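K.L.:
make a model of this:
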Amino acid sequence: MRRLNRSISVVLTLLILQGIYLVPAQPQQPSAQALPKVAPYKRDPSPAAVKWANEEMRKMSLDEKIGQLISVGVNATFLNQDSDAFVALKRQIECNHIGGIILFRGPVYESVVLVNRMQQLARYPLLISADLESGAGMRFDDTVNFPWNMAVGATGNPEYARRQGEVTAREARALGVQHVFAPVVDVNNNAANPVINVRSYGEDPADVARFAAAFTQGAQGAGVIATAKHFPGHGDTATDSHRGLPEINVGRERLNAVEFVPFQAAVDAGVGAVMVGHIALPQIDATAIRPLPKAVKTKPSDTDEAGEIVDEKSTMPATMSPVMGGILRKDLKFSGLIVTDALSMSGLTIYFTQDEAAVRALEAGADMLLKPLDADVAFKGVFNAVKSGRLTEKRVEESTGKILAAKYGLGLVSQRITPLDTIDHLVAGKDVLTLASEIAEHAVTLVRNDDKLVPLASLKPDARILNLAITNGDDRLWIANSFVSTLARSGRKVETVALDDRSTEQEVQKAIEQAKSADLVIASLYGRVRTGQARSVGLPEAGARALSSLIASRTPMLGISFGNPYLLQSFPGLRTYLVAYGDMPSLQQATARAVLGEIDIVGRLPISLPGLYPKGTGIQLKTQK
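P.N.:
Numbering: from 1, shown residues only. Predicted structure coming up:
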C-alpha cells in the first residue's frame, strides 16, 4: 500500500511540474498594470483615425458601408449558438454588416460574452451602445443605479455629474460598451411631462447646461462617447414619443434661449454624439405629415396599440427634418455623430415605414440609425435609395467614415474583445456605492414640513408606523424594502401596505382603516417614469383614492415622492412632503436616514411646483449632534 501511495505521489508531482494537474489557486486581483488602459475620447478624429477609415472604406462594398450605419437592440441572455436568437443576430452581422449593437437589460457576464462573440464574427469592430443615464445599473443586472439626473440637480453641485460620468464610463468600458446614450440634457419645464421628468437635471437652462457639460467631460475623459439627448429638446411636452409624436410649438428665439442652451454647452464641452428625438416643431419645419394607413403601419413595439397617441395633423419630426439637422451642424457647430432616437418608437412608426424612416433620417443628417423595428427593411430602404439616386453613395460614406474613425479613436481596431477577468474588479465596487449614496444624501429635498414631522425625533420610540406604498409598477412585494429596512435598523416598528393598479376596493378600505389606527402614516409615492406606459409618473387610481381619503381625515402623514416630484400638485393637502426623485436603493436609504434625523437635509428643488413652490425651495435641516 505504501508503495502504491509513493507511486501516486510521484505521478502527481510530475503532473504538477508539467502543468497538467492544476491545484486550485486563490483568485488574484488584477494588478494596476494589467487593467485596460483607456484613452480619453475626442470628438474630432485624429489624422490616423481618418486615414484608417478612408483606407477601409475603399475596400468596402456598398452593403458594408450601409451596414455600418445601423445598430440593432438586444436584451442579452445566455444564448446557445444554435438558438434562433443567436443565429438571427449573427445574420445581421454577417449579412447586413451592421455597425453596432445596443444593449438593453441583461446579466453582466451573458451580455459581455454575447458581445464578444459578435465582435469575433464582425469584419469591422462593432460599436456597442447602451442607455446608461443612471449608470450601469440602468441596463446591467446586479450593478449600481445612480440617482436620476434630477436628484443630481437637486444637490446643486455639477461635480457630482462629472464624477458620475467618469464612473459610468469606466464601468461601461469594462462591460464592453463604448457609446453611452447620456446625458439627458432636456430642460424639464413642463410639469406634465410623462417621459423626461426626473431624467432631466431641472427646469433652468443654465443649470442643466452646467450639469450636462460636467457629465460629458467626466464620461469622455474616461474613454466613452457621450450622447446629449434628445435634440432639439423633449422637456416642454406632455406626450411620450414612445407613444406618439410630441409637439413643441415655439419659435427659434425661444429654442435659442431655453432648449438649445444645454445642447450648446455639451457641444462646447466636446460631446461626441447628439441624439435627435422624434419631436415636431411646426414653427421650424411646418412640413405636414399624416398617419400611415392601417394596412401599411406596423404594430407598435414600444407601447401597445391602445397606448398609441395618433395625431391626424402633425408636422415633420426632428429626426426626419433636414432643417433641424442643419441647425445642429451649422448653428450649434456640432461636428460629431448624429444618432436617431429608436426608429421603433411610435412617434415615428405611426407616420413612416421603416425603410422610409431610415432614408429620411440620413437625408436629415443622421449618421447612425438606432434600433429599427426590422433591420432588414431599414437596410434595403437605404440600399434602394442609393441605387435609385435618391441618396448618393458619397452621403453614405460621410457617415460611414465618421463611424469608422470613432471606432478607431475608441481603440477598437487594436482591441475589440472585452476581458472577463477585470469586470468584478472595475464594476459595482465600493467607490460606486459610495458615490451613489453621497449624491442621494445631498439630493433629498424637504419641500413642506407644516406639522414638524421631520425628523421623527418627537415620535415616541415604540410608535406604530404604517408605510403606505403606492406604486405604478408591478413591484408591490419589494418596492419599499430599501426604505423600510433602513427605518427598521434604527429600531422603528414599520408595517408596510402596498397598493397598485391591481388593488381591489376591499384592499383600499383595509389600508385606510390600518392607516387611521397608526401613530404615523408614511405615504411612499412610487409614481415613476415608465416610458411607453399610459400611467407614467402618475399614481394608480386605488392608491390615489386611499391617499385622498387619509388627507381629508387629517391623519398624521408624511408624504415622500420616490419618483415624480410634481405629485404634490395632485395632493396639495399633504402637509409634509419630501422629494427623493427616484426609487434607487441609495435614494430610499438616504431618505430614511433623513427622516430619522441621521443626516442633514440639504437638497433644493431644481424645478418649480407650479402654483405651490418656486425652483430652489428646500427646507434645510441639520442633524442634532
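K.L.:
what is the burial count for the closest residue to Thr591 other than its chain neighbours?
P.N.:
Excluding the flanking residues, the one nearest Thr591 by C-beta to C-beta, 6 or more residues apart in numbering is Ala580, at 4.6 Å. Heads up, the C-betas are built off the backbone N, CA and C, glycines and all. Per other C-beta atoms under 10 Å, the neighbour tally for Ala580 reads 32.
K.L.:
so what's Ala580 up against?
P.N.:
Taking C-beta atoms under 8 Å, 6 or more residues apart in numbering, we find Ala580 in contact with 151, 440, 443-444, 560-563, 587-588, 590-591.
K.L.:
give me the distance from the helix or strand hosting Val432 to the chain's centre.
P.N.:
Under the criterion of DSSP states H and E, Val432 resides in helix 430-443. On the basis of C-alpha atoms, centre = their mean, to the nearest Å, helix 430-443 sits 18 Å off its chain's mean C-alpha point.
K.L.:
got the CA positions of it in PDB?
P.N.:
Provided in PDB are the C-alpha atoms of helix 430-443 (Å, rounded to 0.1, in the frame of the first residue of the first chain):
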ATOM      1  CA  LYS A 430     -17.500  50.200  -3.000                       C
ATOM      2  CA  ASP A 431     -16.500  53.500  -4.600                       C
ATOM      3  CA  VAL A 432     -19.600  53.400  -6.900                       C
ATOM      4  CA  LEU A 433     -21.900  52.600  -4.000                       C
ATOM      5  CA  THR A 434     -20.300  55.500  -2.000                       C
ATOM      6  CA  LEU A 435     -20.800  58.000  -4.800                       C
ATOM      7  CA  ALA A 436     -24.400  56.900  -5.300                       C
ATOM      8  CA  SER A 437     -25.000  57.300  -1.600                       C
ATOM      9  CA  GLU A 438     -23.300  60.700  -1.400                       C
ATOM     10  CA  ILE A 439     -25.400  62.100  -4.300                       C
ATOM     11  CA  ALA A 440     -28.500  60.700  -2.700                       C
ATOM     12  CA  GLU A 441     -27.800  62.200   0.700                       C
ATOM     13  CA  HIS A 442     -27.300  65.600  -0.800                       C
ATOM     14  CA  ALA A 443     -30.400  65.400  -3.000                       C
END
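K.L.:
so in the protein, where's the weakest helix or strand by average pLDDT?
P.N.:
Ranked by mean pLDDT, DSSP states H and E, the weakest helix or strand in the chain is helix 2-17, scoring a mean of 40.
K.L.:
next secondary structure element downstream of that helix?
P.N.:
helix 47-59.
K.L.:
any chance you could list what contacts that next one?
P.N.:
Residues outside helix 47-59 that contact it (C-beta under 8 Å, 6+ apart): 45, 65, 124, 397, 400-402, 404-406, 408-409, 413.
K.L.:
go with 6 Å
P.N.:
397, 401, 404-405, 408-409 (C-beta atoms under 6 Å, 6 or more residues apart in numbering).
K.L.:
in TSV, list these along with neighbour count.
P.N.:
Shown next, in TSV, are these (neighbours: other C-beta atoms under 10 Å):
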residue	neighbour count
Glu397	19
Gly401	20
Leu404	29
Ala405	22
Tyr408	21
Gly409	26
